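In: A predicted structure for the sequence below; I have some questions about it.
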Amino acid sequence: MLKAALVTPLAITALLFFAALLAAEAAVRLLKAPRIAALVVAGALIGALRRGNEAAAMMPLPSVLLEALAMVLLFEVGQRVPLGWLRRNPWLLVTSIGESAAAFAAIYAVLAFGFAVPPVDCAFVAVICMTASPIVVMSVSKDLRARGQVSERALVFCTLSSVYAVLLVQLFLAGYRVAARVELVSVMEPIYLLSGSILLGALAAVALRVYAMITLARGALLTIGIICCCVLVYAWAPRLGLSPILAALFFGLIVRGTDRTHSVLSHQTSETGAVLTLAYFILVGASLSWVDSWMLLAVAAAAAVVRLLAKVAANAALAAPSALSPAKGALVGVASAPLSSLALTLIASVAQQPGLEYAAQISAAVVLLMAILGPVLTELALRRAGEPTQGEA
C-alpha cells in the first residue's frame, strides 16, 4: 500500500532527474568530464533504465517536451548568429555549403560502396547526418565561456547546416512520395516551408517585442515570454505545414536584428534559461535509441567517422579564403561534430514513410554516437583553440 502511494509517475520522474543531475555533476567534478556530455550520458542511462525497470518505466517521456525545449534553445541560437558577418565575409557561406556537401558525399559514399546500403537510404542518412547541432555548440561555448573564431564559426556553420538539412529532407520526402514524378507541389514545398517559417518567426518576434515593451520584462519574466512564443511557434508550425525548427531559428535571428537596445539578450544569462538547458540535455539522452545490432553499430560508426573527417577537411581547405588558418579551420570542423534533437526530429519525419525504416535506424545510431561523443569533441576543439576565457573552471 505504502509502495503504491510513493511510487508514482511524478515521483519517479523527479527522482530520476535528481539522480541524473547528481551523476552528471559528479562526473564533471571528479572525472573532469565535459558537462554537456555528462548530462547526455546521464539521460541515456535513464532511457536504458526505463526499458528494463518497471518502476522507471512509469516516467513519462513525451517528445513534445523535448521539442518544446529545443524551440527555446533554437531561439537563443538564432540570437547568437551574426548574419552581418556572412555579408562581410561571403566565404563563410561558401565554407558552410562546402562542409555540408562534403559530409553528405562522404556519408553517401561509405554507405553505398562500403556497406551496399540502397541509394535511397544512403541519401536520407546523408542529408540527416550532414547537419550538426547548434544547440550543443552554443551550450558548450557558454559552459566554457568561449570567445573566438572557432566557437563563432562552428555555431554559424551548425545553424546553416540545420537549415540546409530541414529543406533538403523536405525536398527528398516530397520526391519520395511522388515516386519519381516531378510535380509542382513537390518543387514548391521547400519554398513554402522556408518563406512560411520566416513569416511565422517574424510574427513571433513582433509578439515578443510588444510583450517586452509593455511589461519591461527582464530575467525570468522575459524568459517566460520567450517560452510562450516558442511554444506557440511549435504548436502552430506543423498545423500550417511549416518547420518548427526553422521558425524558431528565424524567430531568434529576427529578434537579434531588431533588438537595437539589446534588451532581449538578457535571456541568455537567465537562471531559467540555464535550467531549461539542463533539462534539455537529460531529455536528449533519455530519448536516444540504443543499438542492438553490431552490424548497425559498425555502419553508424563508419558514417560518423567519415562525416567528421569530411567536415574537418572541408573547413581546413576553405579556411584561408575566409581569413582563418587551416589549423583553426580544422578545429572548426571538429567543433561541428555534435548531433542531437534536431536530427532526431528529422529522423522521426523520415521514419513515418514506408520503406525508409532502415535509413531511420542508421541515422538514429549515428545520432546516438555523436550525441555522446560530439560535445566532448567540441570542448576539446575549443580548448585546443585557446578560446575558453580565463574565468572558466
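Out: Perfect, I can see it now.
In: So, low pLDDT: which residues of the stretch 51-200 of the chain?
Out: The stretch 51-200 of the chain contains residues with pLDDT under 70 at 52-62, 178-187.
In: Tell me the backbone dihedrals of the residue nearest the centre of the chain, please.
Out: Geometric centre of the chain, nearest residue: residue 133, 3.3 Å, by CA atoms, centre = their mean. Reported as degrees, to the nearest 10, the phi and psi values for residue 133 are phi -90, psi 110.
In: isn't residue 100 right next to residue 162, touching?
Out: No. With contacts counted by CB atoms under 8 Å, residue 100 stays clear of residue 162, the gap being 9.8 Å. For every residue, glycine as well, the C-beta is placed using N, CA and C.
In: Which residues are in contact with each of those two?
Out: residue 131 (CB atoms under 8 Å, 6 or more residues apart in numbering).
In: Run through the strands of the stretch 51-200 of the chain in chain order.
Out: For the stretch 51-200 of the chain, strands defined by DSSP state E, counting those that start in this stretch do not occur.
In: Can you give me the domain boundaries for the chain?
Out: What the record gives for the chain is the domain set 9-61, 63-384, from automatic domain parsing.
In: out of these, deepest packed?
Out: Most buried of the domains of the chain by mean neighbour count (mean count of other CB atoms under 10 Å) is domain 63-384; its value is a mean of 20.
In: Please tell me how far it is from the chain's geometric centre.
Out: 4 Å (CA atoms, centre = their mean, to the nearest Å).
In: can you give me the end-to-end distance of that domain?
Out: Start-to-end span of domain 63-384 (CA to CA, to the nearest Å) is 35 Å.
In: next one: stretch 344-364
Out: Its first and final residues considered, stretch 344-364 spans 7 Å by CA to CA.
In: That stretch - what's its average pLDDT?
Out: Summarised as a single mean, pLDDT over stretch 344-364 is 90.
In: And for stretch 255-263?
Out: According to the model, stretch 255-263 has a mean pLDDT of 72.
In: With stretch 221-234 instead?
Out: Across stretch 221-234, pLDDT averages out at 86.
In: Alpha carbons of that stretch, as CSV, please.
Out: What follows is stretch 221-234, C-alpha atoms only, in CSV (Å, rounded to 0.1, in the frame of the first residue of the first chain):
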residue,chain,number,x,y,z
LEU,A,221,9.9,37.2,-16.7
LEU,A,222,11.4,37.7,-20.2
THR,A,223,12.3,34.0,-20.4
ILE,A,224,8.6,33.1,-19.7
GLY,A,225,7.5,35.4,-22.5
ILE,A,226,10.1,33.7,-24.8
ILE,A,227,8.9,30.3,-23.8
CYS,A,228,5.3,31.2,-24.5
CYS,A,229,6.2,32.5,-28.0
CYS,A,230,8.3,29.4,-28.7
VAL,A,231,5.5,27.1,-27.6
LEU,A,232,3.1,28.9,-29.9
VAL,A,233,5.5,28.5,-32.8
TYR,A,234,5.9,24.8,-32.0
